[in-house]
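Asks: Here is my input, please return the structure:
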Amino acid sequence: MAPPSSRRSGFSKKQQYSVFTGYLLATLGAVVGLALLTISLWQPSAFQPLRGAASDAASPVGEATATVRAGGNNTWDTITAYWNAGGQNAQLRREVEIARIRLAEAEAVEAENRRLKALLGLTDEEEVDAIAATRLIGSSSSSARRFAYIGVGSSDNVAIGMPVHSERGVIGRVLETARGSSRVLLLTDSESVLPVRRASDQTVAFAEGRGDGLLRIRLINLGLNPLEIGDVFVTSGAGGYYRPGVAVAVLSEITSDGGIARLIAEPSATNYVVVEPIYEPLAVEASGVSARDELTQEELND
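Replies: Next comes the predicted model:
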């Protein structure tokens, strides 16, 4: 019989020696490993020098990795902080503005309390209970007449003349009521006139609507204009509609007889409002002009 064209590797002495050597090394490695494991369990401190040497050898690599990781985290934190800085600054500005408004209102209330206690000897001031809280449905902004609409009406005990406030300050007062809604005369309406005073003292004035979203502050006592840009004006309580000490506007421009102010409670940025009762109904009745008469006259002017 002729020999096969190719011989199997198993017949190669070299291949057999290689396989035998591999088995021998594997067995030797298993024995050495088992011995090392036994020693490590029996005498753990025996491998401390080896562990220390391995730790020292790996330390530079670990430090380099930690440095790169820390640098990456710092870079990412910087990028994130820069990205969020705009929103955080805007939020802080809103918080500072609201805090300033609340401080001005507190100063106004404190001054009003001192005046009332001195005149009437009052010791406590009664809290005002809101008639209703509702959403501001909408407001007009395309003409000199500025009105808003709220989602409560006569069925909710809302009456003509009642003041309407937001969390920031005065919005206006109720001009007309239906069963489930009401129309509000905004402070910026060209027919709106509101008695105000500077929050820091007793400088009194009238806040007149201009029909363009701003108020004209007219001083009652003409002469040297004591107003400064940034002055906060609050309701004075005169006229009987609004309770005193509620934020109204901030002065943004000086004129010869007062100044121009912007609203603190901007209707276009207001979602919810509160309807309060008329502060002094007897004073309103004694004035001789009812809110209904004002509404009729305004509609005739329209």
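Asks: On the pLDDT front, check the closest residue to residue 192 other than its chain neighbours for me.
Replies: Leaving aside its sequence neighbours, residue 192 sits nearest to residue 209 (CB to CB, 6 or more residues apart in numbering; 3.9 Å). For every residue, glycine as well, the C-beta is placed using N, CA and C. On the pLDDT scale, residue 209 is placed at 94.
Asks: Show me what residue 209 is bridged to.
Replies: Beta bridges link residue 209 to residue 215, judged by DSSP bridges.
Asks: My guess is it contacts residue 146. True?
Replies: Yes: counting by CB atoms under 8 Å, residue 146 is a contact partner of residue 209 at 6.6 Å.
Asks: Give the intersection of the neighbour lists for those two.
Replies: Contact with both residue 209 and residue 146 is made by residues 186, 188, 189, 190, 192, according to CB atoms under 8 Å, 6 or more residues apart in numbering.
Asks: Quick one: buried ones out of those?
Replies: 186, 188, 189, 192 (16 or more other CB atoms under 10 Å).
Asks: Mind putting those residues into a markdown table with distance to residue 160 and pLDDT?
Replies: Formatted as a markdown table, these follow (distance: CB to CB, whole Å; pLDDT from 0 to 100):
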| residue | distance to residue 160 | pLDDT |
| --- | --- | --- |
| 186 | 15 | 94 |
| 188 | 19 | 92 |
| 189 | 15 | 92 |
| 192 | 15 | 93 |
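Asks: which one among those residues gets closest to residue 251?
Replies: The closest of those to residue 251 turns out to be residue 188 (CB to CB; 15.2 Å).
Asks: Tell me the secondary structure of that closest one, please.
Replies: coil (DSSP: H, G, I helix; E, B strand; the rest coil).
Asks: residues in contact with the spatially closest residue to residue 181 that is not a sequence neighbour?
Replies: Nearest residue to residue 181 in three dimensions, chain neighbours excluded: residue 153, at 5.0 Å (CB to CB, 6+ apart). By CB under 8 Å, 6+ apart, residue 153 lies in contact with 177, 178, 179, 180, 181, 182.
Asks: In ChimeraX, how would I select just the buried ones from these?
Replies: Only the buried entries of the contacts of residue 153 go into this ChimeraX selection, using 16+ other CB under 10 Å:
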select :177,181,182
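Asks: following the particular helix or strand that has residue 248 in it, which helix or strand comes up?
Replies: Per DSSP states H and E: residue 248 is located in strand 247-255. Sequence order places strand 258-263 as the next helix or strand after strand 247-255, per DSSP H and E.
Asks: In CSV, list the C-alpha atoms belonging to that following strand.
Replies: Extracted C-alpha coordinates of strand 258-263, given in CSV (Å, rounded to 0.1, in the frame of the first residue of the first chain):
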residue,chain,number,x,y,z
GLY,A,258,-43.5,114.1,38.5
GLY,A,259,-42.3,111.3,36.3
ILE,A,260,-43.1,108.3,34.1
ALA,A,261,-43.4,104.9,35.8
ARG,A,262,-43.7,101.3,34.7
LEU,A,263,-46.1,98.9,36.3
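Asks: name the element residue 92 belongs to?
Replies: Judged by DSSP H and E, residue 92 forms part of helix 48-120.
Asks: what's downstream of that helix, the next helix or strand?
Replies: Past helix 48-120, the next helix or strand by DSSP H and E is strand 132-139.
Asks: That following strand: which residues count as buried?
Replies: For strand 132-139, a neighbour-count test (16+ other CB under 10 Å) marks 132, 134, 136, 139 as buried.
Asks: So in that sheet, which strands flank it, and in what orientation?
Replies: According to DSSP bridges, strand 132-139 forms sheet pairs with strand 147-150 (antiparallel), strand 272-275 (antiparallel).
Asks: pLDDT on the strand holding residue 248, on average?
Replies: What strand 247-255 shows for mean pLDDT is 94.
Asks: and for it, what are the contacting residues?
Replies: By CB under 8 Å, 6+ apart, the residues outside strand 247-255 that reach it are 101, 104-105, 168-170, 187, 194, 196, 199, 207, 214-217, 225, 227-235, 259-265.
Asks: Check which strands are paired with it and give the direction for each one.
Replies: Counting by DSSP bridges, the strands paired with strand 247-255 are strand 232-235 (antiparallel), strand 258-263 (antiparallel).
Asks: Can you give me the buried ones in it?
Replies: Buried residues in strand 247-255 (16+ other CB under 10 Å): 247, 248, 249, 250, 251.
Asks: measure the last one to residue 210 for me?
Replies: Think residue 251. Using CB to CB, to the nearest Å, residue 251 is found at 14 Å from residue 210.
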